[in-house]
Each structure stands twice: as structure tokens, then as C-alpha cells.
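K.L.:
Quick one, structure for this:
(chains A and B)
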Amino acid sequence: MAHIDEFESMFRSASRSPFRLAAPEVAKVLAVGDLEQADGYVAAVREFAEPMLAGAQLTLAPHDVLGVEAMLRLVEDEAPDLIVTYRNLHSDGWRYKYSLGADLNALTRGTQVPVLVTPSPRAYPSMEWRSTLSDHVMVLDESLAGDDLREDDGLLNWAALATREGGTLHLVHMEDDRVLERYLRAIGKIAALNTDAARETLPAQLLKEPRHYMKSVQAAFIEAGRSVTIREHVQLGHRVADYRVLIERGAIDLVVMRALEEDRIALGGASYSLAVALVETPLLMV
Amino acid sequence: MHPVSAQTTLIFCALLIAMVLTLAFEERIHAKKSFIAGLYAVLALALGHATGVLHFGPVVTAAGETRDIPVYVLGIDWGVIAIILGSSLFVDVTSKSGLFTWIAIRLTKASRGDLRRLLVAYGAMTVLFSALLNNVTAMLIVGSLTAVSLDKLDQRDRLLPFLLIEGLLTNVGGLLTLISSVPNIIVGTAANISFMAFFVAAAPYVALATVLTLALGLRRYRIEGPASKKDADEAARRVDAFDENDGRASVRFFRLSAAMLVLFIAAIAATSAFDYPLGMGFVAMAFAIVMLAGFKSEVDRFYRAVDWDLLLFFAFLFIVIDVMEHAKVLELIGDGLAHVIALNGAAGGAGTGATLVASAGFSAVTDNIPLAAMLSKILTAMEPNDFRLWWSVVFGANLGGNLTPIGSASTVVAVTLMHKYKVPLSFAGFVRAALPFALLQLTLAVVYVLIVL
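P.N.:
Numbers count the residues shown, from 1 in each chain, chains lettered A, B, ... in the order given. Next up, the predicted model:
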């Protein structure tokens, strides 16, 4: 009954899950920090993230709220739609650039609220990132293919909200070339599977689906009357290294990524490595 | 013909019964049809030689030439083999254009995800594809799409009624044209029914039986539309997400395939209507070759996809039936059939009705192709006055497949799909579920054949 699979594959391939534009509502924003004088930082955040914060009530948490438990309790009490903070919160790790800091890790793990993470104001007191105005926003996800692996459109909708009118939204789908090669080598050792056909069709299929999905993103933006340019980056490559190349080449102002990856580990895998490395680029972790 | 003793005829009769029984249990004994028929063809030929039933020697052609052609080659109806081989290749290449999946997805979208409309659309599509392609391909296309669509609509629990009704409609659709099913080709060719005459006679029944089957299915399985406008919009949004152009390799090939399909049907109809001497087999092969031109460096890919089991089954079966004819087994069965047909004299049409029902009963438990091949030979020899007898064989052989899950290749596919998608349905369960539909279709067929044809 090989034909059952053949026709089923054709129909599954034709089945799409198009993007649905639905901007998240941001009414309350909580800024968490440890600066005694935070007015400058708050003003920088307001300027940078204006599309997300427009009309929202921004509350500045007391700078002396210390400890993870107290911080999470505050988040629970305030119930914000978005948290704003910076790298190496409550830590002097900003000097070494080897981590995001234990408190920030705990914050992303302990709450479902999206977190906007800016560069450390101690490491970069001039806060140059404020003037980039989130014109070039990049979305990085495990799978941006409109398939079952994509949990929902939430990440993209946050990115859509964060991108200014006239700006550019970069959508990235990177198939890990080393993982793919490992699978293709395994297929090469299985007599029942055609190696040449797999080598030709598997990468093509893996890259076809995200392209279709990204077309649906473009269609949704046009339908909603948004003047945002959509740039597609669909390729095989090494996630962390090639993400960085794309970020540098695209002069990206804001990177939108998942705080919890598929394996439910907070800031695990490629996201964590990248988040640590991007010390000068604001991140939105959803 | 040499005289054949009654004892010899009975020995060959036993061989024929053994073949039919073996074919009925093909799944149990894990043997392919072609092997079973091949085995009995070898036995029949060897026995035919040993008993002196077969006659050997040169054959005189229409041009008066003498040729040495093996006796088993002469027994095969090469016209039928050419139609099946040519049509299979043509349909296989055409389906690579994405034409049939395009039609299937467009119909799915037109239903807007409403289950009632979806069942009607898929039912109509099953009938159309069964008529244009073949029952098995139709069931594969519509059944696969049904599973994917119902998954997308979160309606996987409705898979049983959908697949069951589609399976039952393949055999109704198989009645529509002369080339829609193998019994039609065999009986229609033997009875000299033209393509158009066949279509005109069968179409009203197919339309009516389809409508009634769908109506019964909707009612029996309580298939309803969306409960609210919100549900309707969500269902429509989900089916709208299908991309009908996904399977299109190229627009040019797609258009060529659509045009060639229309031409193919027209050419087959014209061949039959104008009694073109090269016949439908030639036309089917010619269209297959034209379509293969686009894949001339890789035609072996399509040759591999041909159902050689089916083709060799036909070839071996024709050999067995030819030997049976020489052994006067067909004459013996014909005598028995004559008693059934004689009922027509006692009560108007009772013999024709009985032939239809008996054909259906036989088709329900074993392959309908030996039945069609055997009865067409017998009826050809009998030259019956009542033309409806041919139709009773056509209707009975096709519709009988709906009585059991092994009654036809397409119901086997339907049940295979159910098992694949973990829809539990036993043999008895299938019979219970299908019986009201099969009885409706058979009753309608008897009335139609006796009153309308």
C-alpha cells in the first residue's frame, strides 16, 4: 500500500498553517532593575520600545527588591503584560560577559510573561541601543515553518508588535546542517530508503515549508495595512554561528526568541548561547 | 472441436471451483492473485494437453497467413490487457501533474469545512474519480485526503462513516463508463456496447444511487454542519489553508494533463462509437506513450508503478477460462444459467433479476473479474434475446463488491485505510455497516435494469 503514503504525503504537504496576525495587548509593563537612579534607563526603554509600550502603564519596581522569590512575587502581584529588565541583574557578571545572570535566568524560567532584556546599563552607560528604535527586528525560533513544531504564532506576533512602521522584520528559519547530515548518513545505511532521493528531497522539503509560512506572514501584514518589510532567511546552517552572522549583517536592533525552548529548559540550547553572546543587542524573550 | 467426455468436463469444473475458492482465500493463504491464477493456468494447460482438450497447430490470420502462435497466447484477450495497461500508465503520469489532487483540494475548500458538504463533495469526487481513473486510485486519493482533512478539522472520529461511504461509492462510480471497471470492459466489449451507449444507460442509475447513498449516510451517521457561525468560520479557515497548487510540478504540464484527460475520454468514446479497428486498447496505449514523452529518460519509474499483479492475473485468468471453454465447462455453467434465465418466461424479468443478485452474491465473496469473464463468454455463446442480461452481470459484478470488505479492491483499500488510522471495524462490522447501503443499491439496480433499461 505504498500509494496510501504517496497520496497522504501529497495532501499533508498541501496542508498549511498560515500566520494569523493578532497583536498582543500590552497594558501594564513592569521594569525590574537594581539602579538607584533609573530614570535615564526607563526613558531609554520608552524610546527604544515605543511600539510595544505606547499607551501602556509602566511601573518601576523598587531597586531594593532582592532575591528570586521576592522578584517573582512582585511579578505575580503586578501581573504585567511585559517585563523590562537588563542583563546581569543583581550581579556584577556584566564585567565578564559570560552569562545573562542567575536572576534573569530565574525570571525567564519562573514566569510566562515576556521579558524585554536590554544590554546592561552598567556595561554600556551611554545606552546607544535606545536610538536604534527597533527598526530592524529579527525572529529566531526552533521552527518557523507553519508546522506542528511551531507552538503558536505568539512569538511572531510579539515581533510584529515590536517592529515600527517602516521598519524591517527579519524571519529566520535555520535547519541545522550537521543534524541533517547525520540523518542523511543514517538514511544512507538503510537499504529500504533511497539515499539519493532523500539527499535531494529532504532539505528541499525542510526549506519549502518555512518559505510558505513566511509568505503567509507577508500576506497577513499586507492585509492588516502594516508598512513593514518582511525579509526571509531560510537556510541550512549552524544555528548559533549563522544567527550571529545574520544579526550583524542585518544590523539588527532587537532579537525576538523563545525564553523556553521545546525541551522546556529555560534559555537552553541555541537560544542561551546566542543570548549570552549578544551583549549589545536588546532581546525580547517570549 | 473434439468431443469432450462428461468426466473430463467435471474434472476441469472442479479445477475452476478450486481456483475460485483459492482466490476467495487469497488473504488467508498470503498469495497474490496473479500467482494463484498462474498456478491454475499452468495446471489447466497441462491437463488440457494431457486430456486432449486443447488443440495445437498453426493459426490462420485475417490476411490468410499461417502463424505458429502458442495456444496460451491465443486465449488471452489482449484488447482488455492493452486498455488496462495503457489507462494505468496514462493515469499514473497524469496524476504526477497534480491534477487530481488539485481537483480534490478545490472541492475540499468549496465545502468550507462543513462536514455535510464535505461528505457530499467527497462522495461526488469518489464517483467521478472511480469513473475516470479506477476504483483503487479513486479510493486512495479521496481516502487519504479524507484522513488529512478530518485531522485538520479535529473530526478524526468521523473517519469511519466517511471512508465507508466513499468505499461503497467507488463501486457505484465504477458503473459509469465502459472503462470505469474491469467487469465493464470485459462484459461491454463482449456485448459490443459502445462507450456512449454504456454511459447513457448507466449514468441515471449512478446519479440516483449516489444521491441515495449519501442521503442514507448523512442520516444514518448523523453527520451535521457546524453548530455556530464561529465554528463554521473556523472550519472554513482551516480548509482554506490547503494549497491546491502545492502538488503542481509545472503549470504547463498541469494544463497539458487536463487537456489530455479530456481528449483521452473523447478518444475512447469516439473509438467505441465509430468502431475504430485498432480498438480502445490502442487508444489507451497511444495516450500513455504521448504522456510518457515528457519523462522519456525515466519511463521505467512508471513501468515499476504498474500493477503487474493485476495484469498477470488477467492474462492467466483468460488462459484458464479459455481452457475451460475447450473443456466445455462454460457450456455446463451456461446450461445452469439458462434455467435461471428461463425464469424470465415464468415471471417477467425474474431471471434477469436473479442473475443480477447471483452475480452480486458471487462478487461479494470473491473477485468479480473471473465472474465477468466467465459469464460474458457464456452469454456470448448463448446469444440471449434479452439484452438486460448483460446489464445484470455488469450491475451485479460491480455492486456485489459492497457487501463485504473483500468484495472489491477499493473496499479492501477503504478497510486498510481504516486500520491504518486505528478505526476499528471487523469483517462482520463492515457487513453490518455496509448492508443497508448495499441492499439499497442492489434493489435500485434490479428495478432500474428491469424497468428502465
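K.L.:
tell me the pLDDT at residue 60?
P.N.:
Using chain A. With respect to pLDDT, A:Leu60 has a value of 87.
K.L.:
I was thinking of chain B, sorry if that wasn't clear
P.N.:
B:Val60 carries a pLDDT value of 87.
K.L.:
That one pairs with what?
P.N.:
B:Thr66 (DSSP bridges).
K.L.:
Can you tell me how far it is from B:Ile141?
P.N.:
47 Å (CB to CB, to the nearest Å). (C-beta placed from N, C-alpha, C; glycine too.)
K.L.:
These two: which has the busier surroundings?
P.N.:
Between B:Val60 and B:Ile141, counting by other CB atoms under 10 Å in any protein chain shown, B:Ile141 is the more crowded of the two (25 against 9).
K.L.:
surely the more buried one meets B:Ser130?
P.N.:
No - using CB atoms under 8 Å, B:Ile141 is not in contact with B:Ser130, being 10.1 Å away.
K.L.:
looking at it, B:Val59 is touching B:Glu65, isn't it?
P.N.:
No - with contact defined as CB under 8 Å, B:Val59 does not reach B:Glu65; the gap is 9.2 Å.
K.L.:
More neighbours: which of the two?
P.N.:
B:Val59 (13 against 9).
K.L.:
Now do the more buried one against B:Ser5, distance only.
P.N.:
On the measure of CB to CB, B:Val59 and B:Ser5 end up 26 Å apart.
K.L.:
cool, and A:Leu100?
P.N.:
Distance, A:Leu100 to B:Ser5, by CB to CB: 98 Å.
K.L.:
For these two, indicate the residue with more neighbours.
P.N.:
Neighbour totals were compared for A:Leu100 and B:Ser5, and A:Leu100 leads with 25 against 13 (other CB under 10 Å).
K.L.:
got the residues of chain A near chain B?
P.N.:
Proximity of chain A to chain B is confined to A:1, A:3-4, A:6-8, A:10-18, A:212 under the rule CB under 8 Å from any CB of the partner chain.
K.L.:
Show me which of those are buried.
P.N.:
When those are checked for burial by 16 or more other CB atoms under 10 Å in any protein chain shown, the buried set is A:3-4, A:7-8, A:10-18, A:212.
K.L.:
What pLDDT does the model give B:Gly174?
P.N.:
For B:Gly174, the model assigns a pLDDT of 93.
K.L.:
For the residue nearest to B:Thr380 when sequence neighbours are not counted, list the residues it contacts.
P.N.:
Excluding its sequence neighbours, the residue lying closest to B:Thr380 (CB to CB, 6 or more residues apart in numbering or on different chains) is B:Ala190, at 5.2 Å. Contact analysis of B:Ala190 by CB atoms under 8 Å, 6 or more residues apart in numbering or on different chains lists B:Ser376, B:Lys377, B:Leu379, B:Thr380, B:Trp390.
K.L.:
do A:Thr195 as well
P.N.:
Taking CB under 8 Å, 6+ apart as the criterion, A:Thr195 is in contact with A:Leu184, A:Ile187, A:Gly188.
K.L.:
Could you do B:Ile333 as well?
P.N.:
B:Met374, B:Ile378.
K.L.:
okay, it: pLDDT?
P.N.:
Looking at B:Ile333, its pLDDT is 79.
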